[in-house]
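Participant: predicted structure and sequence below. I'll ask about it afterward.
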Amino acid sequence: MKRIITIFLFSVCINFSHAQFVENHAIYSAIEANNGNYSGIDLNLNYIYKDKFSFKVGYSGNRRKPKSQPEDYKYHLIWILSDEFSIPYDKFKNYNISLGKIYTLNASGTLRANLSLGIGFTTIKEPENWQKNTNIYWAENYSWNYKEYKAISLIINPKIEFPFFRFTGLSIYSLVQINKYRTFFGVGMGQMIGLCRKRKIQVK
């Protein structure tokens, strides 16, 4: 997905960087890291119309130490080198779309709030059925399997964006994803790449 976003944004920048498109539109990707009750990354494609409205398509992948993990769980170092190496995690993945409102916070356009609300399709995977292994040498001392949940989530994602340059910038944000099984909440920061803002906002 990251490669697709990069190729798409490169094409947009080449075709529209000197056209009328940039006067009313911005389109860019954001690659962001977050931390909260889970931790992970957010990858998204953003569109802004006339510095007033935003639309986002995104993916977030997060994980944490399993809540169900036995206190004495461990694995042998040699196991890391094997083809079957897989440390268990609680996993929280989400594909989402959001609509938002833009508030420009300075005259130059290099500081803005992007307040978005949306929905997402969420997959939650958590290890369960932990069974202790008594005869092991190169593996983990417990076996387990994943249980999977699927749900529709409400996505709340206010951001402060810093498009210092037309084609790159930074963002800081909070993120909440709510569904009937689990809730993810966290904060993060990342990099914006693409056509991040129009040429210049004139001071009135």
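Facilitator: Done, it's in. Numbering: from 1, shown residues only.
Participant: just give me the residue right at the centre of this structure.
Facilitator: Asp42 (1.3 Å; CA atoms, centre = their mean).
Participant: show me which helix or strand of this structure is least confident by mean pLDDT.
Facilitator: In the chain, no helix or strand scores lower on mean pLDDT, DSSP states H and E than helix 2-16, which sits at a mean of 51.
Participant: which strand in the protein has the most residues?
Facilitator: The residue-count maximum for a strand in the chain (DSSP state E) belongs to strand 142-165.
Participant: C-terminal to that strand, what's the next element?
Facilitator: Going down the chain from strand 142-165, the next helix or strand is strand 168-178, by DSSP states H and E.
Participant: ok, residues contacting that following strand?
Facilitator: Residues outside strand 168-178 that contact it (CB atoms under 8 Å, 6 or more residues apart in numbering): 28, 30, 32, 34, 36, 42, 60, 92, 94, 96, 110, 114, 120, 122, 153-164, 183-193, 196-197. Backbone N, C-alpha and C define where each C-beta goes, glycine included.
Participant: change it to 6 Å
Facilitator: The contact list for strand 168-178 (CB atoms under 6 Å, 6 or more residues apart in numbering) reads 30, 94, 153-163, 184-190, 192-193, 196.
Participant: weed out the non-buried ones from those.
Facilitator: Applying 16 or more other CB atoms under 10 Å to the contacts of strand 168-178, the neighbour count classes 30, 94, 153, 155-157, 159-163, 184, 186, 188, 190, 192-193, 196 as buried.
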